[in-house]
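> turn this into a structure:
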Amino acid sequence: MKYKIFIIIIVLLFGLITPLLWLNDMRNYLASLFFVNDLTSADVRAHYQQGSVSILIVPGHDNKNYGTWYKGMKEVDLVAEIGENLYEYLARDGRFNVTLVRNRNGYTQEFSDYFTKQKNNIAFFIRSVWTYFNELTRTQQIAISPQKVHHNRVNRKTQIALYGINKWANDHNIDIVLHLHLNDYSGRRSWERKYDGFSIYIPSKELPNHEVSQELARHLRKVFSRYWAASNLPVEKSAIIESPLLIATGAAGSLRSAGVLMEYGYIYESRFHTDLMLKEAAFRTYQGLLAFFMDGEKIADDFSWVFPYEWERNISFESRLKEDIAAAQAALFELGFYPPPDMTRRQCPINGNFRTCTKKALANFQKQMGIAGNGEFGPKTRAALNKLF
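Have a look, this model is predicted:
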């Protein structure tokens, strides 16, 4: 009798323990499954060769949370214009299936409806990815990289939008997600301009989309570095910054796609204050994407974002004709006169400001062309540039 009771107890214990062991194994299985590196650079490049690369463009912020601002200009509007320009470049290319999340009027109808109708599903998605992520960290299957740059906390509505974009990208097998932003720094007073230059944020090495994101970011950095200065904020000195907790690039493993957040520069930089220069930001991004796909030769002219161009007016020192000046700076850059030999791209960005950099470059151009002058943009200089461009 005692033997039978012992057997019954063993069976009951086995019946209780087995489901618990199975549940723990299943939880670990789901966690590891979620972190499969199932998208590589080779995969995305293969899609390009097949003419089926899918790209999601996400201009940062929205009309209620407009990001940073400077002299009445809002980040939300400037990056939306960059996004619209980038969409046009990619849509015209023919090899990209491109989707724009937001334009200058706000979220597209598809995404506005998605955030509303799928709110509960997105909330469940957030809980799920963090449950799996926390399980991996608890069991020491992954170690979280240190957070190098402080990011502002976002409210619940913004969380739903950002994680919702990640969920939508996963569900639609998007290859690349590009978030577009302008930078700023905490505590900046209205007259301060401590930092400048671009930076690129990607997921940290423990996240499943790190490799493909890093490879894309390296090509973007290489292209932008030919024309723009990288950020001189100390923590951004490498231009590519890894972040474990940035939702846009896939915090907690929430994004399968390559995830890149472009900080094109600081909002007070003059290059972002004219439509023409915002077009350049989009063009350089498109150029960087083509470089990633080993197809950079498709662009015959690195300045096709501005040329052909016709200058119809003379330009004086410190003129407000910013687009004419930016086009002249671009022309002088392509001809090898800008920036002048004794100055750098950081000192002399293509920004639409006619100051010492532009005056020196024009003087060198005039000397080579046999035009009398000392850096003025008069009729003869204008005619020479119009003939060339």
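
> next up, the contacts around the closest residue to residue 68 other than its chain neighbours.
In space, and not counting its chain neighbours, residue 68 is closest to residue 184: 3.9 Å by Cβ to Cβ, 6 or more residues apart in numbering. Any C-beta I mention is one placed from the backbone N, CA and C, and that applies to glycine too. With contacts defined as Cβ atoms under 8 Å, 6 or more residues apart in numbering, residue 184 is in contact with 68, 75, 266, 267, 268.

> again, only this time at 7 Å
Going by Cβ atoms under 7 Å, 6 or more residues apart in numbering, residue 184 touches 68, 266, 267.

> mind listing what the residue lying closest to the second one once chain neighbours are set aside touches?
So the one you mean is residue 266. Spatial nearest neighbour of residue 266, chain neighbours left out: residue 183 (4.8 Å); criterion: Cβ to Cβ, 6+ apart. Contact partners of residue 183, counting by Cβ under 7 Å, 6+ apart, are 199, 263, 265, 266.

> please apply the same query to residue 80.
59, 102, 103, 104.

> can you do 10 Å?
59-63, 74, 100-106, 180, 278 (Cβ atoms under 10 Å, 6 or more residues apart in numbering).

> please apply the same query to residue 286.
Contacts of residue 286 (Cβ under 10 Å, 6+ apart): 85-90, 92-93, 96, 223, 298-299, 305.

> can you name the next helix or strand after the helix or strand encompassing it?
According to DSSP states H and E, residue 286 maps onto helix 275-292. Later in the chain than helix 275-292, the nearest helix or strand by DSSP H and E is helix 322-335.

> so that next one versus helix 275-292, what angle?
40 degrees (axes from the mean of the first three to the mean of the last three Cα atoms, to 10 degrees).

> how about the nearest residue to residue 213 once chain neighbours are set aside, secondary structure?
Among residues not flanking residue 213 along the chain, residue 202 sits closest, at 4.2 Å (Cβ to Cβ, 6+ apart). Here residue 202 is recorded as strand under DSSP: H, G, I helix; E, B strand; the rest coil.

> what residues are up against residue 202?
209-218, 220, 240-243, 246, 249-250, 258-261.

> again, only using 6 Å
Applying Cβ atoms under 6 Å, 6 or more residues apart in numbering, one finds that residue 202 lies in contact with 213, 214, 217, 242, 249, 260.

> for the protein, which segments count as strands?
In the chain, the strands defined using DSSP state E lie at 53-59, 69-70, 73-74, 96-100, 102-103, 106-107, 176-183, 199-203, 240-243, 258-266.

> quick one: strands adjacent to the fourth one?
Using DSSP bridges, the neighbouring strands of strand 96-100 in the sheet come out as strand 53-59 (parallel).

> which outside residues touch the strand it pairs with?
Contacts for strand 53-59 (Cβ under 6 Å, 6+ apart): 47, 79-80, 83, 86-87, 96-102, 165, 169, 174-180.

> any idea how far residue 209 is from the residue lying closest to residue 96 once chain neighbours are set aside?
Spatially, and ignoring its direct neighbours in sequence, residue 96 is nearest to residue 90 (4.4 Å; Cβ to Cβ, 6+ apart). Going from residue 90 to residue 209 by Cβ to Cβ, to the nearest Å gives 20 Å.
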